[in-house]
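> Okay, predicted coordinates and the sequence, questions at the end:
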Amino acid sequence: MSIVQCTSSRTAVQTALALPGSLFFCCAVFASPKYQEVLVTATLTPVSYLESLAADSVFDEHEISALQAKDLPDVLRQVIGLDFVDNGGRGSLSALRVRGTESDHVLYLVDGVRIADASSGSTALQSIPLAHIERIEIVRGPRSALYGADALGGVIQVFTKQGQSGVATPGLRASYGSHDSRKGEANIRGGKNNFFYRAAAGYEESNGIDRTVGGVGADLDRDGYREKNYALNGGYRFGDAAKPATLSAGWIGSNARSEFDSGSGSAQDFSNVRVGVGNLRYQHSLGDALALDLLLGHSVDDQRSRGANDSNFKTRRNSAKLQLNSALAEGQEIAGGVDYYIDKVDSSANFVEDRRENYALFLQYLADYGAMNVQLAARHDDNQAFGEETTSNVALGVKLGDKLVASLSYGTSFKAPTFNELYFPFTDFGFGFTFEGNPDLEPESAETVELLLKHDGSALSGYASVHYTEIDDLITTTATSTANIDKARIHGADMGVQFGLHAVDVRFGVSYIHAEDTNTGERLLRRPRVSALLDVSGAIADVEWGLGWNADGNRVDTGGELAGYNLLDARLVWHASNEIRLGTIVRNVFGNNYTLVKGFQEFRTEGQTASVFIEYAP
């Protein structure tokens, strides 16, 4: 993360500079730890870490590189309050939960464009190529009042690497590791006059592990993974003024083949997954008090499974968003606009309906009254499938000095039913089992209250939060269909701090979650009650080192209770020159055995692994 010298966010319009994927970036950034950041995801407009009044976290390009993460889920595992499970190693289906909410209660954005499979509601996080990511912002807590559907538990936004003015600069990276895993990446970025661009491509392949326990027949094999990924973007700045209008466009995507075990043992199962996200953006500061952002987006999620059960599910989403930011009186501004998207689904299931449109209006008011900050937001969505939803958010922050803020917030949110839940056609699966979607489903809705304390100082920065969420109309699968019959309540607390201790940087966090079914009082599945992480890092001469420790308490699954676990990773990076780096990481140093998923199938985890890399980055 980085320290930022910033004017008040309320004068952000006057001091705005372009930030890739956000509306405007108001300040100059200086490489230095840690939390004093400018953030945009929590409020749609640039604000400082203390002013966001949200439990948010940021990973920049340097931190992502230093972690030597193998994919995007590997980075997000380093965020307290987030819990990950996957179905057995690299390329397998991943699911993330924020503060105990469901895995489809998180909204994912790539440069402001929403992504997800509209059929199932899942997001192929494992297929978003990490090599092309420059920055990740994580917001814990509801943001439907700004973004609409699915931002119930939180929002995770990825900002891709952009071009830059100047001489064309190439970059290369290669790595090799356990399970015969190899990866290669190449990129070039540069610009001339007011043009800028970046082009990149990568390839990854791994023999993988045997993902499931107790497999038979064709399932008794390693499940490999192959991926080709690419990114291309560019743009033009109109003039050399401090706030030039900017037109930019970009595309990031991947094509992957991931083998898996269906449990039948009768065939070699694999899925081909194609994910792509593109945008066309125009940003313009209209004087000192008004800024415009027009964003057109397109995303595709195409998943084709072959083996014991063949299936095709393809989502195409087109979107358009117009946002205006206006400075009002001193210390006050509003942001508002219109948001539209349309989902189109092609599927082997032959859905009863294969498209739906969503229109929305949103408005936000931000104010700095000296000793107090106020945030008010509201959004109205009109969806072709389930009708109208209005959500809101209120946050009040009290400054307890220059470096400490306490805030109380209340937010409403909702999650849209998926095409599977709404429109799956009547199907007889045999053995007396039939299933059919329910077009009368209502969205899942929630209310959240949070008490938050944030500190931002040169010696120590961090937050502590206590939160409570009630979710109504949870969609559950009945004997033959789906229905809004379940309810849940979640209360918990989490905290995260970062500080420097002599020449060592320390990051520590701990989380407690109690999530239960309101109707039965039973604990919700696959959620550890207690999680903790500790990361220490430093440098000796030209060598950077780091140790990362993660621990989760026990969790329950349909196959029984799963024991808690703790993992230790160790990493080194040698700066051989200003342009060349070499590094290595050992994950799960002590080779601890643990299980994340045990339902119809029990999935293995990778155990101890290691990898090395070499990078050329002038």
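In hand now; what should we look at? The structure displayed is predicted, hence computed values, not measured ones.
> which parts of the longest strand seen in the chain are buried?
Assignment by DSSP state E gives strand 482-501 as the longest strand of the chain. Neighbour-count burial for strand 482-501 flags 482-484, 486-499 (criterion: 16 or more other CB atoms under 10 Å). Heads up, the C-betas are built off the backbone N, CA and C, glycines and all.
> got the contact list for Thr518?
When contacts are counted by CB atoms under 8 Å, 6 or more residues apart in numbering, Thr518 touches Glu470, Asp486, Lys487, Ala488, Arg489.
> Turn those into TSV, including distance to Val556 and pLDDT.
Formatted as TSV, the contacts of Thr518 follow (distance: CB to CB, whole Å; pLDDT from 0 to 100):
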residue	distance to Val556	pLDDT
Glu470	21	98
Asp486	16	92
Lys487	18	96
Ala488	14	97
Arg489	17	97
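> now the strands: where do they sit in the stretch 501-618 of the chain?
504-517, 530-540, 543-552, 555-557, 560-562, 565-575, 580-587, 609-616 (DSSP state E, counting those that start in this stretch).
> got those strands as a markdown table, with mean neighbour count and distance to Ser65 columns?
Listed next are the strands of the stretch 501-618 of the chain as a markdown table, based on neighbours: other CB atoms under 10 Å; distance: least, CB to CB, whole Å:
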| stretch | mean neighbour count | distance to Ser65 |
| --- | --- | --- |
| strand 504-517 | 19 | 15 |
| strand 530-540 | 16 | 12 |
| strand 543-552 | 18 | 10 |
| strand 555-557 | 18 | 31 |
| strand 560-562 | 14 | 32 |
| strand 565-575 | 17 | 8 |
| strand 580-587 | 18 | 8 |
| strand 609-616 | 17 | 8 |
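> so which of these comes closest to Gly184?
strand 609-616 (10.2 Å; CB to CB).
> The closest one to strand 580-587, inter-axis angle?
With axes from the mean of the first three to the mean of the last three CA atoms, to 10 degrees defining the directions, strand 609-616 sits at 170 degrees from strand 580-587.
> for strand 609-616, what is the average pLDDT?
Here strand 609-616 scores 98 as its mean pLDDT.
> Who are the packing partners of that strand?
Secondary-structure packing of strand 609-616 (3 or more CB pairs under 8 Å, 6 or more residues apart in numbering; DSSP states H and E): strand 166-177, strand 580-587.
> Quick check: buried residues in the first one?
It stands for strand 166-177. Under the neighbour-count criterion of 16+ other CB under 10 Å, strand 166-177 has Gly171, Arg173, Ser175, Gly177 buried.
> which one is the third one nearest to, not counting chain neighbours?
Spatial nearest neighbour of Ser175, chain neighbours left out: Phe613 (3.8 Å); criterion: CB to CB, 6 or more residues apart in numbering.
> show me the contacts for the residue positioned nearest the centre of the chain.
Nearest to the mean C-alpha position of the chain, by CA atoms, centre = their mean, lies Ile156 at 3.3 Å. Residues near Ile156 by CB under 8 Å, 6+ apart: Leu76, Leu96, Val106, Leu107, Tyr108, Leu109, Ile136, Glu137, Ile138, Val139.
> closest to Thr412 among those?
Using CB to CB, those come closest to Thr412 at Leu107, 14.8 Å.
> Please verify my assumption that the closest one contacts Gly121.
No - Leu107 is beyond contact range of Gly121, at 11.0 Å (criterion: CB atoms under 8 Å).
> Can you pick out the residue with more neighbours from those two?
Taking neighbours as other CB atoms under 10 Å, Leu107 and Gly121 compare with Leu107 leading, 28 against 21.
> What ranges does the stretch 101-250 of the chain have for its strands?
With DSSP E, counting those that start in this stretch as the criterion, the stretch 101-250 of the chain has strands spanning 106-110, 113-115, 133-140, 154-160, 166-177, 181-192, 195-209, 223-238, 245-260.
> Dump those to CSV, plus mean pLDDT and distance to Gln323.
Formatted as CSV, the strands of the stretch 101-250 of the chain follow (pLDDT from 0 to 100; distance: least, CB to CB, whole Å):
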stretch, mean pLDDT, distance to Gln323
strand 106-110, 98, 13
strand 113-115, 97, 13
strand 133-140, 97, 17
strand 154-160, 97, 15
strand 166-177, 95, 30
strand 181-192, 96, 26
strand 195-209, 96, 23
strand 223-238, 96, 18
strand 245-260, 96, 15
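> And the ones you listed: which comes nearest Ser266?
Proximity to Ser266 (CB to CB) singles out strand 245-260 among those, at 13.8 Å.
> And the lowest mean pLDDT element among the helices and strands of the chain?
Least confident helix or strand, the chain: strand 28-30 with a mean of 26, by mean pLDDT, DSSP states H and E.
> and after that strand, which helix or strand comes next?
Where DSSP states H and E defines the elements, the next helix or strand beyond strand 28-30 is strand 38-39.
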